[in-house]
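Q: Sequence and predicted structure, then a few things I'm wondering about:
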Amino acid sequence: MSTIAAFYGGKSILITGATGFLGKVLMEKLFRTSPDLKVIYVLVRPKAGQTLQQRVFQILDSKLFEKVKEVCPNVHEKIRAIYADLNQNDFAISKEDMQELLSCTNIIFHCAATVCFGNPQRNIPIHAVQLNVTATQQLLLMASQMPKLEAFIHISTAYSNCNLKHIDEVIYPCPVEPKKIIDSLEWLDDAIIDEITPKLIRDWPNIYTYTKALGEMVVQQESRNLNIAIIRPSIVGATWQEPFPGWVDNINGPNGIIIATGKGFLRAIKATPMAVADVIPVDTVVNLMLAVGWYTAVHRPKSTLVYHITSGNINPCNWHKMGVQVLATFEKIPFERPFRRPNANFTTNSFTSQYWNAVSHRAPAIIYDCYLRLTGRKPRMTKLMNRLLRTVSMLEYFINRSWEWSTYNTEMLMSELSPEDQRVFNFDVRQLNWLEYIENYVLGVKKYLLKEDMAGIPEAKQRLKRLRNIHYLFNTALFLIAWRLLIARSQMARNVWFFIVSFCYKFLSYFRASSTLKV
Ligand SMILES: CCCCCCCCCCCCCCCCCCCCCC(=O)SCCNC(=O)CCNC(=O)[C@H](O)C(C)(C)COP(=O)(O)OP(=O)(O)OC[C@H]1O[C@@H](n2cnc3c(N)ncnc32)[C@H](O)[C@@H]1OP(=O)(O)O
Ligand SMILES: NC(=O)C1=CN([C@@H]2O[C@H](COP(=O)(O)OP(=O)(O)OC[C@H]3O[C@@H](n4cnc5c(N)ncnc54)[C@H](OP(=O)(O)O)[C@@H]3O)[C@@H](O)[C@H]2O)C=CC1
């Protein structure tokens, strides 16, 4: 039996961010490998007209949890949804619930965060500080009042120090104390906050990575006597193996780009083809989280250990390889109703990138909107395209650089695991076959995100053929119009044209004469 799986048996586990991408896979693995755990408390807020229970039951009833229902049929009884808004004081948790959490929790996995890179129109700096920094502080305070707590696992990101090139498994100090930032946001005017934000975040590319760095500092400062560990994953991608390959559920990071490329909206991107695409499968991250939870509780390291979970250092893939494989998969398994044929041009040049944006992205969107207007429908493509290009521009920082993350602690942990634990909680991505993984990833985006049926593939292929013919026809027409205009204006173009025509005529005459002779 796996030592780690046995460790979670009978435990009460508190998860924040359980309704998120990582949180769902964490719950699934916990229930599947330790069905005898006591309870999982999930801090949830009502959303989109759904109550807490409805939200949680919807997750439990999803395909992701199919295997769980076989090994843990009473899963619904083992999950306790607790109303909480992490942006509020004491998370707005009721007194009774708080009492239960404080007296029963054994392990905390803190996954909740806003992963939005920042939108100045939405007061994101305050929201991000509240959730990624203040909420972490509050949760640590709560944790310090939990007598049965054995481990507190904080999920950060490998990019929390992306202003550095080489990143060690240590907590780096931020130039401004988190407490000062939290205090000042309480009384500063929104307009002033917007003004000082760029000065505060300095060489961090966005408010997300900056607040995650602040969050780590808070963990260090408020750790008290707790057993804490920090996990830093790189770009979290679809599942590799468990519970089945290719599962994804949001459009963040690569997922949105894969959809936009497969649907033919995005055909070029400013990216360094040889830069490392440091994607890490979500199930690998979850396996490390559970191993770290066990190790932190049982071995109680003297200081807060940081664990990097990245792929580039041991099994690197680059954006070029990823792009080629994504396109190859679209050939076999196209997405339904594409706008244009999928293509992927990478450029590192700003001018070329702007050219592609104008010609390959904005112009077709404008033409399509004209068509919609002419046919009495509401134009929408230009708006969609602008939004997409804005999102892509936010990701550019990460696809034009490579980082080196040291992984001493992660390797140390791997060596501490029994062979059985190494198998059940595998976080060694050396065995990951990128081509297979990317193909499953794209397939997963199609099935689980776009909810497209595989039966629609022949029709999608037909549509791609039609789009290719339209593309050739359009280009030929464009060429002929350009040529006609050139001929009308330039003697030289006319001379070239007559030369080509007379050459073709002579060639054809010679060919006809020689074939007549043979007969
Ligand atoms: C041709 C090339 C082909 C290539 C071939 C393919 C090869 C594969 C290549 C892959 C290269 C990938 C590189 C990844 C690098 C990741 C690095 C991560 C590093 C850190 C990792 C982390 O540690 S953490 C996870 C990352 N964190 C995000 O990735 C959040 C992004 N996101 C936002 O920062 C906000 O979302 C933002 C946009 C501000 C709007 O923010 P906002 O407040 O204005 O509005 P909302 O978020 O409410 O969204 C408003 C509407 O935008 C829609 N939308 C939201 N996101 C969208 C999205 N990604 N793509 C499309 N559409 C999106 C949404 O669906 C809404 O649409 P609608 O209104 O119709 O419902
Ligand atoms: N995805 C990635 O590529 C990476 C993620 N990470 C880190 O992993 C962790 C999980 O990320 P991921 O699962 O992708 O993120 P998601 O955006 O999918 O999930 C975020 C979670 O936080 C919850 N949450 C947000 N605001 C509140 C609030 N006010 N009160 C209560 N809950 C709230 C969300 O709840 P709700 O459903 O109600 O919105 C959701 O459950 C984060 O800490 C992130 O920084 C690190 C590296 C990469």
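A: Received, thanks. Ligands and ions are numbered 1, 2, ... in the order given.

Q: buried residues in the longest helix belonging to the chain?
A: In the chain, with assignment by DSSP state H, the single longest helix is helix 457-489. Of all the residues in helix 457-489, those buried under the rule 16 or more other CB atoms under 10 Å are 457, 460, 463-464, 467, 487. Quick note: C-beta positions are derived from backbone N, CA and C, even for glycine.

Q: ok, now stretch 319-329?
A: For stretch 319-329, burial by neighbour count (16+ other CB under 10 Å) applies to 319-323, 325-326, 329.

Q: same question, stretch 177-194
A: By neighbour count on 16+ other CB under 10 Å, the buried set for stretch 177-194 is 178, 181-182, 185, 188, 193-194.

Q: Next, the contact list for the closest residue to Trp356 other than its chain neighbours, please.
A: In space, and not counting its chain neighbours, Trp356 is closest to Ala268: 3.6 Å by CB to CB, 6 or more residues apart in numbering. Counting by CB atoms under 8 Å, 6 or more residues apart in numbering, Ala268 touches 343-347, 353, 356-357, 360-361.

Q: For Ala268, give its distance to Glu420.
A: Computed as CB to CB, to the nearest Å, the Ala268 to Glu420 distance reads 48 Å.

Q: Give me the phi and psi for the residue nearest to Trp356.
A: When read as degrees, to the nearest 10, the backbone of Ala268 gives phi -150, psi 150.

Q: same thing with Leu305?
A: According to degrees, to the nearest 10, the main-chain angles of Leu305 amount to phi -90, psi 140.

Q: What is the neighbour count of it?
A: 22 (other CB atoms under 10 Å).

Q: ok, now Asn250?
A: By the measure other CB under 10 Å, the count of residues near Asn250 is 11.

Q: helix or strand for it, which one?
A: Asn250 belongs to no helix or strand when elements are defined using DSSP states H and E.

Q: repeat for His308
A: Using DSSP H and E, His308 falls in strand 305-309.

Q: I'd like to know if that strand reaches ligand 1 anywhere along the stretch.
A: No: applying CB under 6 Å from any ligand atom, one finds strand 305-309 separated from ligand 1 by no less than 11.7 Å.

Q: Distance of the closest residue to Gln221 other than its chain neighbours relative to ligand 2?
A: Spatial nearest neighbour of Gln221, chain neighbours left out: Pro178 (7.4 Å); criterion: CB to CB, 6+ apart. Using CB to the nearest ligand atom, to the nearest Å, we find Pro178 at a distance of 16 Å from ligand 2.

Q: Now do the contacts for Pro178.
A: 133, 137, 214-215, 217-218, 221.

Q: Got the phi and psi for Pro233?
A: When read as degrees, to the nearest 10, the backbone of Pro233 gives phi -80, psi 160.

Q: my read: it touches Tyr307, true?
A: No: applying CB atoms under 8 Å as the test, Pro233 and Tyr307 come out as separate, 9.2 Å apart.

Q: Show me the domain layout of this protein.
A: Per automatic domain parsing, the structural domains of the chain span 3-250+276-316+402-423, 461-518.

Q: where does the stretch 151-300 of the chain come near ligand 2, residue by residue?
A: Residues of the stretch 151-300 of the chain lying near ligand 2 (CB under 6 Å from any ligand atom): 155, 157, 212, 233, 235-236, 250, 252-253.

Q: rewinding a little: nearest to His166 among the buried residues of stretch 177-194?
A: Pro178 (23.8 Å; CB to CB).

Q: Relative to ligand 1, which residue of this structure is the closest?
A: Nearest to ligand 1, among the residues of the chain, is Gly256, at 2.5 Å (CB to the nearest ligand atom).

Q: before we move on, which element is that residue in?
A: Using DSSP H and E, Gly256 sits within helix 254-262.
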